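Student: everything below, folded, please.
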Amino acid sequence: MQTDREAWITAIIGNFVASSSENNLNTPAGEKVFDPPLVGFSTGSDPLYDEYVSHIGDFYLRPIDIYRRAFPQDAATSPGALTVISWVLPSTARTRHDQAAETKRPSERWVGVRHHGEHFNEALRRYVVEKLCEAGIQSVAPVLAPFWSRSNQGPYAPCSTWSERHAAYAAGLGTFGLCDGLITPVGKAMRTGSVVARVSIAPSPRSYTDRHAYCLFYSHGTCGKCMARCPVAAISEAGHDKTRCKQYTNVTMNAFIRKTYGISTFACGLCQAGVPCTDHIPDPEEG
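Tutor: Below is the predicted model:
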């Protein structure tokens, strides 16, 4: 039964990505934003979620916190009764190619992924919740919930009360790089999403124990190519300067994108293309 549910949910997500008209870069040719997704699962009782709270801060929400806030009438539900459904939406080869050619500002396709792609990701979250509801399974998309918020607290600020990338890490879908991007089997030029559901599904295997296992800088002391890709030196051997990155992305690039493309969004992502981990887990020789 668990295997059937896993396959059913995976198919729901894959079919929506393949067939939805919302998976569209808003080009005349109807070019898709995303290639076929990866899907993974973690259990609400995974110790990682408690570790996230201890490292990130008490404001960070575990799956059980998300569920009980969404369904207060079901307060007796245990963490082990919950599954976090996570997915990775890979950018297309054309988007990756265009972005890799840029050195100061994001490409037009990359901006489209950030804008139209995240609208599609929101639609996918709602669709998964809707299909689960039709099957009698209570669920909630954390980042669409009214209690989800951004935070300037703790050692990793700016951050938020729920991280899609941390959920994907728990689901065996990837590990973090020097620039904080998630390196997945389809690379880090992607977007992630998740839904917390009251359903029993076996967790996906994690082939790693180190949160930086796929990053050549941390695992082999090589590469570091994302540092040179950053136009404001927000990535160094010390890691990712989130404040400097946010200033450039949310302020400088927001103004550029509004003026150039007529879209009110924020994007940069130069560190996610033109590097060995753009579209796959890099081999040590690529460093």
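Student: buried set for stretch 42-60?
Tutor: Neighbour-count burial for stretch 42-60 flags 42-46, 48-49, 52, 56-57, 60 (criterion: 16 or more other C-beta atoms under 10 Å). All C-beta spots, glycine's among them, are computed from the backbone N, C-alpha and C.
Student: now for those, which pair is the farthest apart?
Tutor: Greatest spacing in the buried residues of stretch 42-60, by C-beta to C-beta: 43 and 57 (22.5 Å).
Student: against residue 216, how distant is the residue nearest to residue 38 when sequence neighbours are not counted?
Tutor: The shortest distance from residue 38 to any residue other than its chain neighbours is 4.2 Å, reached at residue 88 (C-beta to C-beta, 6 or more residues apart in numbering). According to C-beta to C-beta, to the nearest Å, residue 88 stands 20 Å off from residue 216.
Student: give the contact list for the spatially closest residue to residue 198 that is not a sequence neighbour.
Tutor: Sequence neighbours aside, residue 138 is the residue nearest to residue 198 in space, at 4.7 Å (criterion: C-beta to C-beta, 6+ apart). Going by C-beta atoms under 8 Å, 6 or more residues apart in numbering, residue 138 touches 67, 70-71, 74, 132, 197-198.
Student: now the helices for the protein?
Tutor: Here the chain has its helices, by DSSP state H, at 2-19, 47-56, 63-70, 93-101, 108-112, 118-134, 164-170, 216-220, 225-229, 242-246, 253-261.
Student: output the contacting helices and strands for the longest one.
Tutor: Going back to what we said before, that points to helix 2-19. Packing contacts for helix 2-19, counted by 3 or more C-beta pairs under 8 Å, 6 or more residues apart in numbering; DSSP states H and E, involve strand 38-43, strand 83-90, helix 118-134.
Student: list of residues touching the longest one?
Tutor: In other words, helix 118-134. Residues lying outside helix 118-134 but in contact with it, judged by C-beta under 8 Å, 6+ apart, are 9, 12-13, 16-17, 20, 22-24, 33-34, 85, 87, 89, 138-141, 143-144, 191, 193-195, 197, 199.
Student: of those, select the buried ones using a ChimeraX command.
Tutor: Selection command for ChimeraX covering only the buried members of these, criterion 16+ other C-beta under 10 Å:
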select :9,12,13,16,17,22,23,24,33,34,85,87,89,138,139,140,141,143,191,193,194,195,197,199
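Student: pLDDT weak spots in the stretch 151-287 of the chain?
Tutor: Per-residue confidence of the stretch 151-287 of the chain (counting by pLDDT under 70) places no residue in a weak region.
Student: show me where it has strands.
Tutor: With strands called from DSSP state E, counting those that start in this stretch, the stretch 151-287 of the chain shows them at 159-160, 175-176, 182-183, 190-197, 235-236, 239-240.
Student: of these, which is nearest residue 96?
Tutor: Ranking the strands of the stretch 151-287 of the chain by proximity to residue 96 (C-beta to C-beta) places strand 190-197 first, at 9.8 Å.
Student: was I right about residue 173 contacting residue 88?
Tutor: Yes: the criterion here is C-beta atoms under 8 Å, and residue 173 meets it with residue 88 at 5.4 Å.
Student: between those two, which contacts overlap?
Tutor: Listed as contacting both residue 173 and residue 88 by C-beta under 8 Å, 6+ apart are 38, 182, 184, 192.
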